[in-house]
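>>> This is the structure alone, sequence omitted:
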């Protein structure tokens, strides 16, 4: 085992787009990696390990998309076990934003890694994919 790997930081780059008709101001975002061991329950800890960010003046115009980098902590041991024992790897998070009407809205996402093609795919579960 690599010394200090348990405390190793992870990063997730994800895209977000404004499908609305007015500019959207990003208030905060958070994401984390999660590895579900073989035959275990799905119990991600988004708010425990994710590092919530509060960007200043990050606005997405209608029809625009941007790439956001989120950081999370303590993924090292899980990743090391996943490379040896298998399981399922996820990235999940949420974006809080407001439009011109000043109403706060939250969009949540969860992507599962498909090792057969190396693509992160939507989980299609309304508890984790919502807006």
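Nice, I can see it. Not measured: the values here are computed from a predicted model.
>>> Can you get me the start-to-end distance on stretch 109-128?
By Cα to Cα, to the nearest Å, the extent of stretch 109-128 from end to end equals 6 Å.
>>> Please read the previous query as pertaining to stretch 87-105.
Chord length of stretch 87-105, first to last residue, is 33 Å (Cα to Cα).
>>> What residues of stretch 55-67 count as buried?
58, 60 (16 or more other Cβ atoms under 10 Å). C-betas here are computed from N, CA, C, even on glycine.
>>> swap in stretch 16-31?
Here stretch 16-31 shows 16, 18, 24, 25, 26, 29, 30, 31 as buried, counting by 16+ other Cβ under 10 Å.
>>> So the fifth one sits against residue 56, correct?
The one in question is residue 26. No: assessed by Cβ atoms under 8 Å, residue 26 is found out of contact with residue 56, at 9.8 Å.
>>> Which residue, other than its chain neighbours, is closest to residue 130?
Spatially, and ignoring its direct neighbours in sequence, residue 130 is nearest to residue 108 (4.7 Å; Cβ to Cβ, 6 or more residues apart in numbering).
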